[in-house]
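>>> Starting from these lines, generate the structure:
(chains A and B)
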Amino acid sequence: METSNLVEVTSTRVRNFMLAPIRKWLLIGVALSFLGIFIFIPLLAVFSEALKKGIGLYFAAIIEPDALAAIKLTLLTALIAVPVNTLFGVIAAWGITKFNFKGKNMLITLIDLPFAVSPVIAGLVFVLLFGTSGVLGPLLEANNMKIIFAVPGIVIATLFITFPFVVRELIPIMQEQGSEEEQAALTLGASSWQMFFRVTLPNIKWGLLYGIILCNARAMGEFGAVSVVSGHIRGLTNTVPLHVEILYNEYNFAAAFAVASLLALLAIVTLVFKSIVEWKTKRNDHGER
Amino acid sequence: MEMGITLNGVTKVFGAQAAVQDINLEIPTGDFVALLGPSGSGKTTLLRMIAGLEGLDKGKIFFNGVDYSAKTVKERKVGFVFQHYALFKHMTIFENVAFGLKVKPRKWRPSKKEIREKVFELLRLVQLEHVADRYPSQLSGGQRQRIALARALAVEPEVLLLDEPFGALDAKVRQELRHWLRDIHQKLNITTVFVTHDQEEALEMADTVVVMNHGRIEQIGSPQEVYEKPANAFVYSFLGRVNEFRGAALLNVSDKEEAVGYIRPHEILLSKIPKRYSVAAEVSHVHAVGSTVRAVLRRLDTNDFFEVEVALDLYRTLDQFTKGALLYAEFTNIIVFKEKEKLGRSMIVEKVTGEAFSALS
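Numbers count the residues shown, from 1 in each chain, chains lettered A, B, ... in the order given. Model (predicted):
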């Protein structure tokens, strides 16, 4: 009885061992095919669809005035939203990690709000605030200011949506580093600015860059919130993602995909940047510990 | 005008608990002071308050007679050395040491050449000239702490503050750095305050030892003073190994309940034959490594254990006793303290003579 048990145990173990490589390749295969079906093929489709009617038409779709206006607006939005959110992200992360105050956890939760709420709701909130029938509507109208269905609305919605990226990236890094190096800088006679630029910033630079890259990708690609506040006025309040949608709805597939390919390119560039930064961070960590 | 650092009723409260309570302390210029105490005694907080890294809740701090209580870290011009070095990871050793010079306002900033000379002078002082181009991660702990000191000295501070400077280092390096730091202090004669929980370190290095407990100062004095004339039970027991006796064992003390008697292991006299006031005891453990021999003995009358320490030659005259041997111990120099407050503050009531002790045993 005992011997047979022993044999059985051994054989199971051997079988397990033999199965291991098969299981490993099965898992990897599933993951890869999922990735292929849901990410790689669509990406490929975007480019093939865009170039279907020839390279000439592809560029024509991109340099068409409305498309150019959309690209300009998207760049402008990102140019405002990314620096602003970088600045506030650094300030918020600094405040949260270096000081203790009441309501700190509440603040951390609030920072996550743009991630938690649907972008459409975020857009609607701003319509309710700044729209003609909104809370601040009459005030804005009296001063002849237009936010909703205008560029400011798009910028504000983008600011809201992309706020968490930099903060979220910085909080764990700053928490881990503590403040001893900064205190050392102060005892050596550095001013607050010198401390920040010579000690704090070099220590968080890779994390900060990572946050900025993600923030930028989202700022350029945001659809939901921007769509609600934009009003879709061609050549005026259309960002690249909104322009793609308009073209698509007009059955202008080649042009839609041509413009969409810009966003896809942006995504690829972002990913390349992101992996460079990740590689740099890892190398730094390795060298410094 | 008094020179050096003066602390007047300095208090710091964290939440509901006072980390540092009503500290009065005078540190003369050029003194080498150890703030000694167990963890949580407030010694690091006190040091950080002197540096300006921690604010005061009450009291005042004077540097050379000038009220510095409201001055910023930057204005105080102190050199501060952290337990975990706090070197700038992304800078080379040269840049680390040069930092304090490079951040000076343009008016007072030395030229590049002067900075270079000063940095190498300091690197020579800490004997690490050859690592100037390396990064902190490429140095050992002892080397990093020496660089941290060089960096602090670069700005020519009037006061050098060190927070458990050797706490993160291994025993051998720690021993080396103790001598080295003393040498540096002798060379530069800069007022130095360092925090430690290691009584040996404090007694060996400092001119003045400040013993702290529960945010208060228990005693201030030279190493000999605090070791030989401890002000209270806490100081006595914190400064070295002790055997403790309580209650009924202390026969001729009036308030037996609150009294505690102490004797250090090396003060217990051992002999092979019974003496007038001796107590018979059996050896239960012997630790014979080094110049002294430590042993744990059990009193045959009360079954209490106590620790003794004898010199190696004396150990030989005692036939190099081993576990199970029978010896006679004399407790001739017990110090009795009476606890006055809960904080471990107490006072000497009287010294019990050997006679009184043996009368009860």
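>>> and stretch A:122-142, what's its mean pLDDT?
Mean pLDDT, stretch A:122-142: 84.
>>> contacting residues around that stretch?
With Cβ atoms under 8 Å, 6 or more residues apart in numbering or on different chains as the test, stretch A:122-142 has contacts from A:114, A:146-148, A:153, A:156-157, A:160-161, A:224-229. No exception for glycine: its C-beta is placed from N, CA and C like everyone else's.
>>> What's the local residue count around A:P83?
12 (other Cβ atoms under 10 Å in any protein chain shown).
>>> Just the buried positions in the helix or strand encompassing it, please.
Here A:P83, judged by DSSP states H and E, is contained in helix A:65-98. Buried residues in helix A:65-98, counted by 16 or more other Cβ atoms under 10 Å in any protein chain shown: A:66-67, A:69-71, A:73-74, A:77-78, A:80-82, A:84-86, A:89-90, A:92-94, A:96-97.
>>> quick one: that helix to chain centroid distance?
Centroid separation for helix A:65-98 versus its chain: 11 Å, with Cα atoms, centre = their mean, to the nearest Å.
>>> right, and the helix or strand after it?
Following helix A:65-98 toward the C-terminus (DSSP H and E): helix A:104-111.
>>> per-residue confidence averaged over that next one?
Helix A:104-111 comes out at a mean pLDDT of 89.
>>> helices or strands up against whichever helix in chain A runs longest?
Longest helix of chain A, by residue count under DSSP state H: helix A:253-288. If you count contacts as 3 or more Cβ pairs under 8 Å, 6 or more residues apart in numbering or on different chains; DSSP states H and E, helix A:253-288 packs onto helix A:41-50, helix A:55-63, helix A:65-98, helix A:201-221, helix A:240-249.
>>> which stretches of the stretch 51-200 of chain B form helices?
Secondary structure of the stretch 51-200 of chain B by DSSP state H, counting those that start in this stretch: the helices cover B:73-76, B:93-102, B:112-125, B:141-153, B:171-188, B:199-205.
>>> Now those helices in JSON lines, please, with extra columns for mean pLDDT, distance to chain A and mean neighbour count.
Output for the helices of the stretch 51-200 of chain B, formatted as JSON lines (pLDDT from 0 to 100; distance: least, Cβ to the nearest Cβ, whole Å; neighbours: other Cβ atoms under 10 Å in any protein chain shown):
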{"stretch": "helix B:73-76", "mean pLDDT": "89", "distance to chain A": "4", "mean neighbour count": "18"}
{"stretch": "helix B:93-102", "mean pLDDT": "95", "distance to chain A": "4", "mean neighbour count": "23"}
{"stretch": "helix B:112-125", "mean pLDDT": "94", "distance to chain A": "13", "mean neighbour count": "15"}
{"stretch": "helix B:141-153", "mean pLDDT": "93", "distance to chain A": "7", "mean neighbour count": "24"}
{"stretch": "helix B:171-188", "mean pLDDT": "88", "distance to chain A": "17", "mean neighbour count": "15"}
{"stretch": "helix B:199-205", "mean pLDDT": "92", "distance to chain A": "22", "mean neighbour count": "19"}
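>>> B:I220: which of these is closest?
helix B:199-205 (12.1 Å; Cβ to Cβ).
>>> C-terminal to the closest one, which secondary structure element comes first?
Immediately after helix B:199-205, counting by DSSP H and E, sits strand B:208-213.
>>> Name every sheet partner of that following strand and say whether each one runs parallel or antiparallel.
Partners of strand B:208-213 in the sheet, by DSSP bridges, are strand B:32-36 (parallel), strand B:216-221 (antiparallel).
>>> Buried deepest among these, which one?
strand B:32-36 (a mean of 26; mean count of other Cβ atoms under 10 Å in any protein chain shown).
>>> Return the distance of that strand from the chain's centre.
6 Å.
>>> Need the residues that contact it.
B:27, B:43, B:46-47, B:182, B:185, B:192-197, B:199, B:201-202, B:205-212, B:238.
>>> buried subset of those?
Using 16+ other Cβ under 10 Å as the burial test, the contacts of strand B:32-36 include B:27, B:43, B:46-47, B:185, B:192-197, B:199, B:201-202, B:205-206, B:208-212, B:238 as buried.
>>> Can you tell me how far whichever residue of the stretch 1-150 of chain A sits closest to chain B is from B:K275?
Using Cβ to the nearest Cβ, the single residue of the stretch 1-150 of chain A nearest to chain B is A:N100, 10.5 Å away. Noted for A:N100: a distance of 62 Å to B:K275, by Cβ to Cβ, to the nearest Å.
>>> When these two are compared, which one has more neighbours?
Counting neighbours by other Cβ under 10 Å for A:N100 and for B:K275 shows that B:K275 has the greater number, 15 against 6.
>>> What parts of chain B come near chain A?
Residues of chain B lying close to chain A (Cβ under 8 Å from any Cβ of the partner chain) are B:51, B:53, B:72-74, B:77-80, B:82, B:84, B:86-90, B:99-100, B:103-104, B:135-137, B:148, B:151-152, B:154-155.
>>> quick one: contacts for residue 244?
Using chain A here. So A:V244 contacts A:256, A:259-260, A:263 (Cβ under 8 Å, 6+ apart).
>>> oops, I was thinking of chain B
Contacts of B:E244 by Cβ under 8 Å, 6+ apart are B:237, B:260-262.
>>> Please apply the same query to B:F305.
B:F305 neighbours (Cβ under 8 Å, 6+ apart): B:284, B:296-299.
>>> Closest to chain A out of these?
Closest approach between the contacts of B:F305 and chain A, by Cβ to the nearest Cβ: B:V296, at 42.1 Å.
>>> buried residues in the helix or strand hosting the closest one?
B:V296 is located in strand B:292-299, with elements delineated by DSSP H and E. If you call a residue buried by 16+ other Cβ under 10 Å, then strand B:292-299 has these buried ones: B:292-297, B:299.
>>> Point out where chain A drops to low pLDDT.
By pLDDT under 70, the weakly predicted segments of chain A are A:1-19, A:284-289.
>>> what residues does it put near chain B?
A:180-181, A:183-191, A:194, A:198-199, A:202-203, A:287-289.
>>> cutoff 7 Å now
A:180-181, A:183-184, A:186-191, A:194, A:199, A:202-203, A:287-289 (Cβ under 7 Å from any Cβ of the partner chain).
>>> Now, of those, which are buried?
A:180-181, A:183-184, A:186-190, A:194, A:199, A:203.
>>> So B:P110 is in contact with B:L101, correct?
Yes - applying Cβ atoms under 7 Å, one finds B:P110 in contact with B:L101, separated by 5.7 Å.
>>> Give the residues shared as contacts by these two.
Common neighbours of B:P110 and B:L101 (criterion: Cβ atoms under 7 Å, 6 or more residues apart in numbering or on different chains): B:K118.
>>> Quick one: end-to-end length of stretch B:45-63, please.
Chord length of stretch B:45-63, first to last residue, is 18 Å (Cα to Cα, to the nearest Å).
>>> just checking, what packs against the helix or strand where A:R168 lies?
Per DSSP H and E, A:R168 falls inside helix A:164-177. Packing contacts for helix A:164-177, counted by 3 or more Cβ pairs under 7 Å, 6 or more residues apart in numbering or on different chains; DSSP states H and E, involve helix A:65-98, helix A:201-221.
>>> Could you list the domains of chain B?
B:5-235, B:242-360 (automatic domain parsing).
>>> Need the ones you listed in TSV (columns: distance to A:L236).
Below are these laid out as TSV (distance: least, Cβ to Cβ, whole Å):
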stretch	distance to A:L236
domain B:5-235	46
domain B:242-360	75
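>>> Thank you kindly, that will do.
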